[in-house]
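Engineer: Fold the following, please.
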Amino acid sequence: MTMLEGLLYTWYSLPFVSPNNLLITTITSTGVAIEFIYLLIFLVYAPKKEKLKIVGLLAFVLTVIATVALVSLLALHGKPRMHMCGIVTTIFTIVMYASPLSVAVSLSCLFISSC
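Structural biologist: As a prediction, the model looks like this:
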């Protein structure tokens, strides 16, 4: 999810989607590069079963970013393009940060009888 969120933010910050965001483009693309290196290292040393999971998730990430890119380039222009990319990026950012939180909340219910 971090890779997807970084790619979406990088796409959102490009000049033809949202102008004047050079700093955001630099920071998010650097983060994506670091995440990509991490995934490559993981894929080199991971067991085969784990590699298949990561490759599947990577295919999902690439499908989502390609869909967002194609829709925003071919169907939308100007402010609607920026708004759609911003909304999609916000949704996946919330999912990225809410996923660990949902696990933590469900684990705390094991110790609290009121859940």
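Engineer: contacting residues around stretch 87-104?
Structural biologist: By Cβ atoms under 8 Å, 6 or more residues apart in numbering, the list of residues contacting stretch 87-104 from outside reads Met1, Thr2, Leu4, Glu5, Leu8, Tyr9, Trp11, Tyr12, Val64, Val68. Any C-beta I mention is one placed from the backbone N, CA and C, and that applies to glycine too.
Engineer: same check, this time on stretch 65-78
Structural biologist: Stretch 65-78 has contacts (Cβ under 8 Å, 6+ apart) with Leu4, Leu7, Leu8, Trp11, Val17, Arg81, Met84, Cys85, Val88.
Engineer: any idea which helix is longest in this protein?
Structural biologist: Across the chain, the longest stretch assigned as helix under DSSP state H is helix 79-111.
Engineer: list the buried ones in that helix?
Structural biologist: Going by neighbour count (16 or more other Cβ atoms under 10 Å), the buried part of helix 79-111 is Arg81, Met82, Met84, Cys85, Val88, Thr89, Phe92, Thr93, Met96.
Engineer: now swap in stretch 66-75 and tell me
Structural biologist: Val68, Ala69, Ser72.
Engineer: where's it relative to the chain centroid, distance-wise?
Structural biologist: On the basis of Cα atoms, centre = their mean, to the nearest Å, stretch 66-75 sits 16 Å off its chain's mean C-alpha point.
Engineer: now it: mean pLDDT?
Structural biologist: The pLDDT scores in stretch 66-75 average 90.
Engineer: With stretch 9-25 instead?
Structural biologist: Averaged over stretch 9-25, pLDDT sits at 87.
Engineer: Can you dump the C-alpha atoms of that stretch in CSV for me?
Structural biologist: Taking Å, rounded to 0.1, in the frame of the first residue of the first chain, the C-alpha atoms of stretch 9-25 are listed here in CSV:
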residue,chain,number,x,y,z
TYR,A,9,1.0,11.1,-4.9
THR,A,10,3.8,11.2,-7.5
TRP,A,11,1.2,11.1,-10.3
TYR,A,12,-1.0,13.8,-8.5
SER,A,13,2.0,16.1,-8.2
LEU,A,14,3.1,15.9,-11.8
PRO,A,15,2.7,19.3,-13.7
PHE,A,16,0.0,18.1,-16.0
VAL,A,17,-2.2,17.0,-13.1
SER,A,18,-1.4,19.6,-10.4
PRO,A,19,1.0,22.4,-11.3
ASN,A,20,3.7,23.9,-9.1
ASN,A,21,4.4,20.8,-7.0
LEU,A,22,8.0,20.1,-7.7
LEU,A,23,8.9,19.5,-4.0
ILE,A,24,6.1,17.0,-3.6
THR,A,25,7.1,15.3,-6.9
